[in-house]
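Novice: predicted coordinates and the sequence they were generated for:
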Amino acid sequence: GAVVSQHPSRVICKSGTSVKIECRSLDFQATTMFWYRQFPKQSLMLMATSNEGSKATYEQGVEKDKFLINHASLTLSTLTVTSAHPEDSSFYICSGTSQETQYFGPGTRLLVL
Amino acid sequence: GEDVEQSLFLSVREGDSSVINCTYTDSSSTYLYWYKQEPGAGLQLLTYIFSNMDMKQDQRLTVLLNKKDKHLSLRIADTQTGDSAIYFCAESPGSSNTGKLIFGQGTTLQVKP
């Protein structure tokens, strides 16, 4: 199957700082990628749809100015958590579509102190 | 709205069959998926089924779809301790596969030796 990577796998930051998470499709081109958030022992919640070369589409309740998404190439989407707060601590997972199937990255665990 | 429901926990003995159930609300969903998540890891696609199919078998995995009742199940034959994980059911809402997925809460499968 197709491979999606994320970097970093784990990050700890101080409140008020910004953190960038990268999502790469390694062996396919993804015009669309998706960003999900998962709280402990809970399901994945779709945050936004990242579209190559255009603005991301955010789900209801997700602040677009707080979670900045950039999809500058067919293999890379980035999610920047701006002015992070402890409540932003979570597991962030991206996915890309290849042959009508979603492939997920390994996730990035963010801890905001 | 779109909603996917799963039971939260299932415990079986090694060698038994496991059946994980899922219900969904969007009758126009084209694809339905089963993903596996091991602790601290991303999601692994196990299998998927098109909405015009009733059953799909892939080695130890059997997916049954009752479109009338909007019920999906995953049967794992000869369950092994390595099958212990969280299993997510997901639907791709709408009649076209946009890649957006709606996930259930996840079923934690515990396999006892």
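Specialist: Received it, and whenever you're ready, just let me know what you need.
Novice: residue A:58 against residue A:64, yeah?
Specialist: Yes: counting by Cβ atoms under 8 Å, residue A:58 touches residue A:64, with 4.8 Å between them. Glycine gets a C-beta too; all of them are placed from N, C-alpha and C.
Novice: where do the contact lists of the two overlap?
Specialist: Common neighbours of residue A:58 and residue A:64, using Cβ atoms under 8 Å, 6 or more residues apart in numbering or on different chains, are residue A:48.
Novice: ok, the residue nearest to residue B:70 when sequence neighbours are not counted - contacts?
Specialist: Closest residue to residue B:70 apart from its sequence neighbours, by Cβ to Cβ, 6 or more residues apart in numbering or on different chains: residue B:24 at 5.2 Å. By Cβ under 8 Å, 6+ apart, the contact set of residue B:24 is B:2-5, B:32, B:70, B:72, B:89, B:91, B:102, B:104.
Novice: which residue ranges of chain A form strands?
Specialist: With DSSP state E as the criterion, chain A has strands at A:4-7, A:10-13, A:19-25, A:32-38, A:44-51, A:57-58, A:67-73, A:76-81, A:90-98, A:101-104, A:108-112.
Novice: which of those strands sits closest to residue B:110?
Specialist: strand A:32-38 (19.9 Å; Cβ to Cβ).
Novice: so, low pLDDT: which residues of chain A?
Specialist: A:1 (pLDDT under 70).
Novice: near chain B, which residues of it show up?
Specialist: Proximity of chain A to chain B (Cβ under 8 Å from any Cβ of the partner chain) is limited to residues A:1, A:6, A:32, A:34, A:42-46, A:49, A:93, A:95, A:97, A:100-107, A:109.
Novice: buried ones among these?
Specialist: A:6, A:32, A:34, A:43-46, A:49, A:93, A:95, A:97, A:101-107 (16 or more other Cβ atoms under 10 Å in any protein chain shown).
Novice: list the buried residues in stretch A:24-38.
Specialist: So for stretch A:24-38, counting by 16+ other Cβ under 10 Å, buried means A:24-25, A:28, A:30, A:32-38.
Novice: show the end-to-end separation of that stretch, please.
Specialist: 19 Å (Cα to Cα, to the nearest Å).
Novice: so residue A:62 makes contact with residue A:48?
Specialist: Yes: under the criterion of Cβ under 8 Å, residue A:62 makes contact with residue A:48 at 6.1 Å.
Novice: so between those two, which is more surrounded?
Specialist: residue A:48 (22 against 17; other Cβ atoms under 10 Å in any protein chain shown).
Novice: so what's that one bridging to?
Specialist: Legend: beta-bridge partners of residue A:48 under DSSP bridges are residue A:35, residue A:58.
Novice: measure it to residue A:65 for me?
Specialist: 12 Å (Cβ to Cβ, to the nearest Å).
Novice: try residue B:17
Specialist: Applying Cβ to Cβ, the value for residue B:17 to residue A:65 is 49 Å.
Novice: so which residues of chain B form strands?
Specialist: Using DSSP E, strands in chain B cover B:4-6, B:9-13, B:18-24, B:31-37, B:43-50, B:55-58, B:61-66, B:71-76, B:85-92, B:102-103, B:107-112.
Novice: thinking again about what came up before, higher neighbour count, residue A:58 and residue A:64?
Specialist: Shown here are residue A:58 and residue A:64; by other Cβ under 10 Å, residue A:58 has more neighbours (17 against 13).
Novice: let me see the contact set for that one.
Specialist: Here residue A:58 is in contact with A:47-48, A:64, A:67 (Cβ under 8 Å, 6+ apart).
Novice: I appreciate the help and will end here.
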